[in-house]
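Asker: Got a predicted structure here, sequence first:
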Amino acid sequence: MDVRPNDYDGFAEAYAAENENSLVNAYYERPAMLALTGDVAGHHILDAGCGSGPLAAALRDRGAVVTGIDSSVEMLALARRRLGEDVALQVVDLRDPLPFGDETFDDVAASLVLHYLEDWGPTLAELRRVLKPGGRLIVSVEHPVIAYIIQEPWPNYLATNSYSFHWTFDGQTVPMTFWRRPLHAMTDAFASAGFRLSRISEPQPDPAARELFPNDFEALSTQPNVLFFVVEAVPPSLLATF
Ligand SMILES: C[S@@+](CC[C@H](N)C(=O)[O-])C[C@H]1O[C@@H](n2cnc3c(N)ncnc32)[C@H](O)[C@@H]1O
């Protein structure tokens, strides 16, 4: 039987188990997102592509009022189990219009989700719409250089294209398809949607992981597989001059 790529409903438990303690998620991507997000006490935050909710939980524990959305019913069921009723959760595909009013959120976190989307334009426009003026979109996305480590033959760096591979986590091997794009395509997409670039980050993993994952830690320290952005929603009154 053919298995659909990116079928998070089919491997939710396995993915969530891996994500909980893995080098990349627990000791690299999540701490980096939290460091970039900073003090969020009292902030209304949308966690877009929240998965099983580890980032939402950490943001809630820091005093934020969090809403989580994801296209996978099963991932959201795991998030509900983790978060109880503290966090509003809703099945939403980020390729569709968002079910929120204009200027609802102080921040949006989009953690490891945008590389599932071919066209960032409509999604970023919606994220911009639901952010308050000056609000922040904090993004982690697969680093464009990673294709040179796992894709054969090497792709045209300047092209935006999809590529497929198999992922094994927690003993389950599943087909995945990601969209990769060059750095300028990302920054252009942010600008076109009305965001101003505030920060690009290529952080180091948490040093606490060195002993836990000695070989992978060295590799991740020199070959970052995630790229981070903080971009700010330009107030509508300034968009014309931007
Ligand atoms: C790699 S996981 C990351 C989950 C979570 N952000 C984290 O870091 O733990 C990607 C998540 O994006 C969700 N996703 C993929 N495509 C999506 C889409 N078009 N709309 C909404 N969510 C999507 C998946 O269901 C999955 O939960």
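Answerer: Now that the structure is in, tell me what you want to look at.
Asker: Does at least one residue of the stretch of helix or strand residue 56 belongs to sit close to the ligand?
Answerer: Using DSSP states H and E, residue 56 sits within helix 54-61. Yes: Helix 54-61 comes into contact with the ligand (CB under 6 Å from any ligand atom), by way of 54, 55. Any C-beta I mention is one placed from the backbone N, CA and C, and that applies to glycine too.
Asker: so after that helix, what's the next helix or strand?
Answerer: Counting by DSSP H and E, what follows helix 54-61 is strand 65-70.
Asker: show me what contacts the residue nearest the centre of the chain?
Answerer: The centre of the chain sits closest to residue 111, judged by CA atoms, centre = their mean, with a distance of 1.7 Å. The contact partners of residue 111, taken as CB atoms under 8 Å, 6 or more residues apart in numbering, are 29, 30, 33, 47, 49, 50, 51, 55, 139, 140.
Asker: Now do the strand or helix carrying the second one: distance to the chain's middle.
Answerer: It stands for residue 30. Using DSSP H and E, residue 30 sits in helix 30-37. Centroid displacement of helix 30-37 relative to its chain, using CA atoms, centre = their mean, to the nearest Å, is 11 Å.
Asker: Over to stretch 217-229?
Answerer: Centroid displacement of stretch 217-229 relative to its chain, using CA atoms, centre = their mean, is 15 Å.
Asker: Residue 79 against residue 50, yeah?
Answerer: Yes: Residue 79 lies in contact with residue 50 (CB atoms under 8 Å); the separation is 5.9 Å.
Asker: who's in contact with residue 14?
Answerer: So residue 14 contacts 169, 170, 171, 172, 174 (CB under 8 Å, 6+ apart).
Asker: Among these, which one has the most neighbours?
Answerer: Highest neighbour count within those, by other CB atoms under 10 Å: residue 174, with 18 neighbours.
Asker: tell me the secondary structure for it?
Answerer: Under DSSP: H, G, I helix; E, B strand; the rest coil, the three-state class of residue 174 is strand.
Asker: Just say helix, strand or coil for the closest residue to it other than its chain neighbours.
Answerer: Nearest non-adjacent residue to residue 174, counting by CB to CB, 6 or more residues apart in numbering: residue 11, 5.0 Å away. Following three-state DSSP, the label given to residue 11 is helix.
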